[in-house]
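Asks: Model the following, please.
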Amino acid sequence: MDYVENLSLGNSKVLILKNALICDECQSEIEGIYISKIIEMSETINSFMYGDESYEFIPEQLTNESDYIPKKVGNYQESSKKLPVSKKSQKVDMRSIYNKITKKIIGQDDAVKTILSTIIRNSISDSCYTKSNIFLIGGTGNGKSETVKQIANELGLPYVLEDSSKFTQEGYVGESVENAINKLIIEAGEDITRAERGIIIFDEIDKKTSNGEQSGVSTTSVQDSLLKMLEGTTFHTKAGKINTERITFILIGACEETYNKRDKRLKNKGKIGFTTLEKNDKSEATNPRFIPEDLIESGFKSELIGRIDTIQEFKPMDVEMATQIINNSEISIFNLYIKELEKLGVKIVMNRDEVVNAIAKRAVELKTGARAIRQIVVEMFKNLYTEVLLSNKSIKQIYHYNISKDTVYDNNKYELCKKEEKQ
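Replies: Next comes the predicted model:
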C-alpha cells in the first residue's frame, strides 16, 4: 500500500497512508501519543525552570553506534571525555548553566532563562513543529548576542553570528542570507546533522525594515529571503543537503521604531478605535511586553514575524545595572584591570564605591550599554598601565597608585602614594 511518510512520535512510528480512513479508536491513539510527547517536553522545560537540577540532554551526534570522538571544530569545544558506545546521552545540569551565564550577563535574568529554555526545547525535540525562532529586542551593548553565544558554547551547539546590514536580495551586489547556512556547516565541522541542530543569529535585523531609506533590494527583499529558511526548507551545499527546520534562528535588533510603536500603543490604550487590535483585544493593547503588531507596524513583514514564536526584550542599562556589571560580572573589565595590575606588583588604592559610581553614570550617559563601560575603563587605565610597564622595580615596591572619580574623566589624574610601613 502506498504511503506518504513515516512520522516519528516519540518512540513510535506512524504510517501516513494515501486515501486511507483511520477509525476513531486508532485516531485517538495517535493523538494520545502526540499529546503525551508534548507533555513530556513541557515537563522537561518546567523541571529546568522551577528547580529540577538536570536532565538527559541527547545531542543527535551521539545517537549512532560509533564512539564519540571529541574534537574542536568551528567556534565551540566538544566534551574532552570520550563516551563509550553504551552511553548515548550526557547528563547536563541546566540550572548550573543558567547560573553560570547570569554571573557574566548581569541584569538580564529573564531574557537568559527564556533564550536558554527555548534553545533546550529546540535541541531535545523530535518534532520540527515544536521548534521556536526568537526575536531579541534591546539597545546596543545590552548583552543580546553575547547571551546567545554563551548559551551555544555551554551546550556545545555550533552557531553563526551575521551582521544583517551586509545582506541584499540574491543576485545583487552584497551577500545572500543563504551564505549563513554554509558558514554554519563550516562551524559544525561540515557535519550536516550537527549543523541542523545549530543556531544562526541575524544581528541588526531592524536595518532591513521598510522604514529605512534603502531600496527594497537591501531591505524587505532580504526579509523575503528569510521566510522559507525560518519555516524550514532544504538547501543543497557542498557538504550535502541540509534542512533548516530544526535550526534555531535568532533575529536581533535595537528596534527604536518598534519601541515607538509600543509606546504609542500603551499611550492610547484607553482610547476607542485606536487600532483594530484595541477594539478586539484590550488585554493585548495594554500589554507592556512587545507584541507582533509592534514589529509589523515598525516595518517588519507580517510573514516574517509570523515565523517568530518568542519575542524577548533586553532591559536598558541604568546606573544600578551598570554598577552590578562593574562589580559582579565574572568578565568585568574593571576587575580584570585591577587583577592584571596586581600581577605586575601594583596595588590600586581608591574609594571603590565612588569610582564605580562615576563609571556607571558616565556609561549610562554614553547610551551604548555595557560596551560603554569597557570604553571608559580602558581609557581611564591607559596612561597608568603604560607607566606601570615602564616603571622600575623599586617604584612598584615602594608605591601604590591612587585613582579617584576624576580619573574616569581624565586619565592623567592619578598619583603615586607611598606604601604604609609595616608596624
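Asks: contacting residues around residue 314?
Replies: Residue 314 sits next to 108, 111, 136-139, 142-144 when contact means Cβ atoms under 8 Å, 6 or more residues apart in numbering. All C-beta spots, glycine's among them, are computed from the backbone N, C-alpha and C.
Asks: let's go with 10 Å and repeat that
Replies: When contacts are counted by Cβ atoms under 10 Å, 6 or more residues apart in numbering, residue 314 touches 105, 107-108, 110-112, 136-139, 141-144, 147, 252, 254, 369.
Asks: Weed out the non-buried ones from those.
Replies: 105, 107-108, 111-112, 136-139, 141-144, 147, 252, 254, 369 (16 or more other Cβ atoms under 10 Å).
Asks: ok, which stretches of the stretch 151-300 of the chain are helices?
Replies: Using DSSP state H, counting those that start in this stretch, the helices of the stretch 151-300 of the chain run over 179-187, 192-195, 220-231, 256-267, 276-280, 282-285, 292-297.
Asks: Take the buried ones among the contacts of residue 314 and keep only those in strands.
Replies: Here DSSP state E is the test, and the buried ones among the contacts of residue 314 give 136-137, 252 as lying in strands.
Asks: so can I have TSV of these showing distance to residue 341 and pLDDT?
Replies: Converted to TSV, these look like this (distance: Cβ to Cβ, whole Å; pLDDT from 0 to 100):
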residue	distance to residue 341	pLDDT
136	35	96
137	38	96
252	35	94
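Asks: hmm, back to that, looking at the contacts of residue 314, which are in helices?
Replies: If you go by DSSP state H, those have 110-112, 144, 147 in helices.
Asks: which one of these sits closest to residue 227?
Replies: Closest approach between these and residue 227, by Cβ to Cβ: residue 144, at 22.5 Å.
Asks: mind listing what residue 204 touches?
Replies: Applying Cβ under 10 Å, 6+ apart to residue 204 gives the contacts 140, 145, 162-166, 251-255.
Asks: farthest pair in these?
Replies: Farthest apart among the contacts of residue 204 by Cβ to Cβ are 166 and 255. That separation is 18.8 Å.
Asks: Figure out the helix or strand that residue 99 lives in.
Replies: Assigned by DSSP states H and E, residue 99 belongs to helix 94-102.
Asks: Which pLDDT value goes with residue 221?
Replies: Per-residue pLDDT puts residue 221 at 77.
Asks: again, but for residue 210
Replies: Confidence at residue 210, expressed as pLDDT, is 66.
Asks: that older thread, rank the helices of the stretch 151-300 of the chain by pLDDT, which is bottom?
Replies: Of all those, helix 276-280 carries the lowest average pLDDT, namely a mean of 49.
Asks: just to revisit the earlier point, if we take the ones in strands among the buried ones among the contacts of residue 314, which one ends up nearest to residue 414?
Replies: Nearest to residue 414, judged by Cβ to Cβ, of these is residue 252 at 38.1 Å.
Asks: and the closest one, how far is that from residue 385?
Replies: Distance, residue 252 to residue 385, by Cβ to Cβ, to the nearest Å: 33 Å.
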